[in-house]
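Colleague: What follows is a predicted structure for the sequence shown.
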Amino acid sequence: MNVPRLNFSHGTHEEHRTRLETIRDAEKAICLTTYAWWRGEIAHDMADALIERARAGVECNVIIDAMGGMLLEREVLRRMLDAGVR
């Protein structure tokens with residue numbers, strides 16, 4: 001079964017590129033947990049990948065720590081929710 005389970009809180013740019021590839025390759029479901037969702041290019045790339053997969057019918061589940069998610073841009077959150085990311 002193709003259900004990646006990822007932790008997005010730490011890592012180098014190369015590790016984030018690998019995570020993005022994993023998300024983009026998901027066919028059934030994605031389970032992503034993170035204690036922090038930062039602002040900037042990496043955060044937008046991650047959101048865009050999740051949105052694309054959700055629109056393709058992949059079940060996308062994201063858990064963000066309440067304190068660590070305070071920097072999550074509301075526009076990014078709205079786009080993810082509107083696309084079906086949970």
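Modeller: Right, received. Where do you want to start? Residues are numbered from 1 along each chain as shown.

Colleague: Please enumerate the helices of this protein.
Modeller: Secondary structure of the chain (DSSP state H): helices at 13-25, 41-55, 74-83.

Colleague: shaky segments in the protein?
Modeller: Across the chain, the ranges flagged by pLDDT under 70 are 1-10.

Colleague: now the helices of the chain in CSV, with distance to Asn61?
Modeller: (Each C-beta comes from the backbone N, C-alpha and C, glycine too.) Shown next, in CSV, are the helices of the chain (distance: least, C-beta to C-beta, whole Å):
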stretch, distance to Asn61
helix 13-25, 12
helix 41-55, 10
helix 74-83, 11
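
Colleague: For Leu71, the count of nearby residues, please.
Modeller: 12 (other C-beta atoms under 10 Å).

Colleague: With the one 3 residues further on instead?
Modeller: Here the count is done by other C-beta under 10 Å, and Arg74 has 7 residues near it.

Colleague: Could you do Asp25 as well?
Modeller: Residues contacting Asp25 under the criterion other C-beta under 10 Å number 12.

Colleague: What of the one 5 residues further on?
Modeller: By other C-beta under 10 Å, the residues close to Ile30 number 24.

Colleague: That one - nearest residue in space that isn't next to it in sequence?
Modeller: Nearest residue to Ile30, sequence neighbours excluded (C-beta to C-beta, 6 or more residues apart in numbering): Cys60, at 4.8 Å.

Colleague: Many thanks, we can stop here.
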